[in-house]
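Trainee: using only what follows, build the 3D model:
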Amino acid sequence: MSEDLIVIGAGGHAKVVIATARAAGLHVAAIFDDRTDIDSLAGVPIAGPVAASTGRTESAVIAIGNNRVREQLASELDLRWRAIAHPAAIIDPSAALGPGAVVFAGVVLQPDAAVGDHAIVNTGATIDHDCAIGNFAHVAPGVHLCGNVTVGRGALLGVGCCARPGATIGDYAIVGAGAAVVSDLPGGRTYVGVPAALP
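Mentor: Alright, predicted model coming up:
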């Protein structure tokens with residue numbers, strides 16, 4: 001019998017989370033979202049607004065791409081958060097996933113990599129040895145991080161960007177699509193280009 005899971009959020013990101021959960025053998029029992037224009041997503045009923053999910057006994061995951069919204073909901077909702085990894089991801093046994101983290105198909109997590117609480121590692125990203133992905137961070141599709149990279153809390157790494165070994169990307173930093181991180185980037189700013197720099 002498969003484990004029941006509830007999903008918070010009914011947008012496009014939720015479709016991928018649901019597909020990942022199903023591939024991992026979980027039964028997605030219900031979705032909670034404040035939208036009123038749809039009654040189901042990917043064949044799963046929307047059971048009510050987000051606030052109605054609190055206190056449910058199933059395991060849960062927040063399927064919302066916005067890092068700050070995920071962080072806010074994680075602090076407000078009384079739920080049992082569960083990490084989910086697609087079986088087509090390659091995850092070294094020494095890698096760690098925090099509660100609520102999601103790891104999509106094609107991801108490679110190398111030895112001693114750590115993915116924080118409610119962080120997203122999106123399709124086809126590669127995270128090399130000893131990297132640390134902060135809580136509520138989002139690593140977009142096709143990102144490549146060399147060894148010992150630190151990604152701060154709530155940071156967003158855009159599609160296809162990369163980082164050199166040992167780089168630190170600060171809390172809530174945004175790294176644009178295709179950027180190359182070749183030096184440490186302080187938090188709270190947006191960086192673009194090759195090498196990644198303030199616009």
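
Trainee: pLDDT weak spots in this structure?
Mentor: Along the chain, segments meeting pLDDT under 70 span 1.

Trainee: next SSE downstream of whichever helix in it runs longest?
Mentor: Secondary structure of the chain per DSSP state H: the longest helix is helix 12-23. Remark: after helix 12-23, the chain's next helix or strand is strand 27-32, criterion DSSP states H and E.

Trainee: what ranges do the helices span in the chain?
Mentor: 12-23, 67-76.

Trainee: can I get the CA coordinates of the longest one in PDB?
Mentor: Extracted in PDB, the C-alpha atoms of helix 12-23 (Å, rounded to 0.1, in the frame of the first residue of the first chain):
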ATOM      1  CA  GLY A  12       2.500  24.400 -13.100                       C
ATOM      2  CA  HIS A  13       5.200  23.400 -10.500                       C
ATOM      3  CA  ALA A  14       2.600  21.200  -8.700                       C
ATOM      4  CA  LYS A  15       2.200  19.200 -11.900                       C
ATOM      5  CA  VAL A  16       5.900  18.200 -11.800                       C
ATOM      6  CA  VAL A  17       5.700  17.600  -8.000                       C
ATOM      7  CA  ILE A  18       2.700  15.300  -8.500                       C
ATOM      8  CA  ALA A  19       4.400  13.400 -11.300                       C
ATOM      9  CA  THR A  20       7.500  13.000  -9.200                       C
ATOM     10  CA  ALA A  21       5.500  11.800  -6.200                       C
ATOM     11  CA  ARG A  22       3.700   9.200  -8.300                       C
ATOM     12  CA  ALA A  23       6.900   8.000  -9.900                       C
END
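
Trainee: can you point out the buried residues in the longest helix of the chain?
Mentor: Residues of helix 12-23 classed as buried by neighbour count (16 or more other C-beta atoms under 10 Å): His13, Ala14, Val16, Val17, Ile18, Thr20, Ala21, Arg22, Ala23. (Glycine included, C-beta is placed from N, CA and C.)

Trainee: which one of these sits closest to Ser59?
Mentor: In terms of C-beta to C-beta, no member of the buried residues of helix 12-23 lies closer to Ser59 than Ala21, at 9.7 Å.

Trainee: hang on, isn't that closest one packed against Ala60?
Mentor: No: with contact defined as C-beta atoms under 8 Å, Ala21 and Ala60 do not form a contacting pair (10.8 Å).

Trainee: intersection of neighbour lists for these two?
Mentor: Leu5, Val7 (C-beta atoms under 8 Å, 6 or more residues apart in numbering).

Trainee: circling back: the longest helix of the chain vs strand 27-32, what angle?
Mentor: 160 degrees (axes from the mean of the first three to the mean of the last three C-alpha atoms, to 10 degrees).
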